[in-house]
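S.K.: no letters, just coordinates:
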């Protein structure tokens, strides 16, 4: 039966399918310690649903097995490293350049569930069974199940990792079917610590430990209010998410182009900051319909770009863009624009060091 499920998964575009048990007791202490240290920041839902994450049966009664799926997303896009060095351009995390992965992954998982139900008789499943699909949409220990099922191992940056890299999404199917579990593939990070060393904000505080409060992905996506001023210069031109810990990972040299659903949309792989900063709320909602980015809303989108413009060159174009929103109705945006303008004023007040 499992071999059939894996074959169907490949037909649907998944790079790997694995089976895990529902036992996550080994992962629970790590989760609870992370929460106790406050490393989840303002992500209150992490603490609120901690027990549910450790109890799969709370999401689907009588769950016996977890089907873990991996779907690659690396897009054919402008060179990421060159883009990070181009301060006038916006850097968007590679996973968010295309279609919203939540929808794509859940749709594929549901298709797999439908196939399983249709083929139940051929698999000699005489009793009814239940399934439920998830993709970063419920309290699920995704990486833990990926590790248990042999779909990936946990990298030192805490992301799931394989010999073809980490540019992939994970999804799960909880099922009441008693499926034989696969074996883990083991950790292949060795002594490498490049992800720790390259993190712009040192958010990877130790191997396999991330403090979300320092993470640029958290700051630009999850954080509702003001970005801490001390961290703003470190964000550079990253306006949505951060990929540095993946870009420096040696395993990602072997990554191929991912699923077509995640191809670049709206030119977001190399758009000028000033162009995106000029988007009205209607433009933002229209251009980013079907994108994961839309969930942060127009105000935080502008907040993030204001920070990036503050880190960019003090060109007349950049300064004019910031000045155009200096009196914005949003106190949050006004504060970040004011910071960015003050940062440029500070640059112009310093002696020219170009001859050194």
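M.R.: Arrived safely, thanks for sending. Being a predicted model, the structure only gives us computed values, none of them experimental.
S.K.: now do the strands in this structure.
M.R.: Counting by DSSP state E, the chain has strands at residues 16-20, 65-72, 91-92, 131-134, 153-154, 160-161, 168-175, 204-206, 209-210, 238-240.
S.K.: deepest of the ones you listed, which one?
M.R.: strand 91-92 (a mean of 28; mean count of other Cβ atoms under 10 Å). (C-beta placed from N, C-alpha, C; glycine too.)
S.K.: so what does that one touch, helix or strand wise?
M.R.: Using 3 or more Cβ pairs under 8 Å, 6 or more residues apart in numbering; DSSP states H and E as the contact definition, the elements that strand 91-92 packs against are helix 80-84, strand 238-240.
S.K.: where does the prediction get shaky in the chain?
M.R.: Within the chain, the stretches with pLDDT under 70 are 349-356.
S.K.: how is it carved up into domains?
M.R.: Per the record, the chain has its domains at 2-77+99-175, 194-349, by automatic domain parsing.
S.K.: ends of the shortest one, how far apart?
M.R.: Domain 2-77+99-175 has an end-to-end distance of 13 Å (Cα to Cα, to the nearest Å).
S.K.: could you save the domains of the chain as a markdown table and add columns showing distance to residue 186?
M.R.: Formatted as a markdown table, the domains of the chain follow (distance: least, Cβ to Cβ, whole Å):
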| stretch | distance to residue 186 |
| --- | --- |
| domain 2-77+99-175 | 6 |
| domain 194-349 | 14 |
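S.K.: to residue 93, which of those lies closest?
M.R.: Nearest of these to residue 93, taken as Cβ to Cβ: domain 194-349 at 2.7 Å.
S.K.: quick revisit: could the helices and strands packed on strand 91-92 be laid out in CSV, adding distance to residue 169?
M.R.: Converted to CSV, those look like this (distance: least, Cβ to Cβ, whole Å):
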stretch, distance to residue 169
helix 80-84, 18
strand 238-240, 16
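S.K.: for residue 151, give me its contacts.
M.R.: 16, 17, 18, 68, 69, 70, 145, 160, 162, 170 (Cβ atoms under 8 Å, 6 or more residues apart in numbering).
S.K.: about what we covered before: residue 83 is nearest to which of the domains of the chain?
M.R.: domain 194-349 (6.0 Å).
S.K.: hmm, back to that, residue 113: which of the helices and strands packed on strand 91-92 is closest?
M.R.: strand 238-240 (31.1 Å).
S.K.: count of neighbours near residue 323?
M.R.: By other Cβ atoms under 10 Å, the residues close to residue 323 number 11.
S.K.: in contact with it, which residues?
M.R.: Here residue 323 is in contact with residue 341 (criterion: Cβ under 8 Å, 6+ apart).
S.K.: just the helices in the stretch 1-150 of the chain please.
M.R.: 2-11, 28-36, 44-48, 50-53, 80-84, 101-118, 142-148 (DSSP state H, counting those that start in this stretch).
S.K.: which one of the ones you listed lies nearest to residue 246?
M.R.: helix 80-84 (9.1 Å).
S.K.: how about residue 162, what does it touch?
M.R.: 16, 70, 151, 152, 153, 168, 251.
S.K.: nearest to residue 259, out of the helices and strands packed on strand 91-92?
M.R.: Closest among the helices and strands packed on strand 91-92, once you apply Cβ to Cβ, is helix 80-84, at 18.1 Å.
S.K.: just send the strands of the chain back as CSV, with distance to residue 49 too.
M.R.: CSV is the format used below for the strands of the chain (distance: least, Cβ to Cβ, whole Å):
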stretch, distance to residue 49
strand 16-20, 19
strand 65-72, 17
strand 91-92, 28
strand 131-134, 12
strand 153-154, 21
strand 160-161, 20
strand 168-175, 15
strand 204-206, 24
strand 209-210, 19
strand 238-240, 25
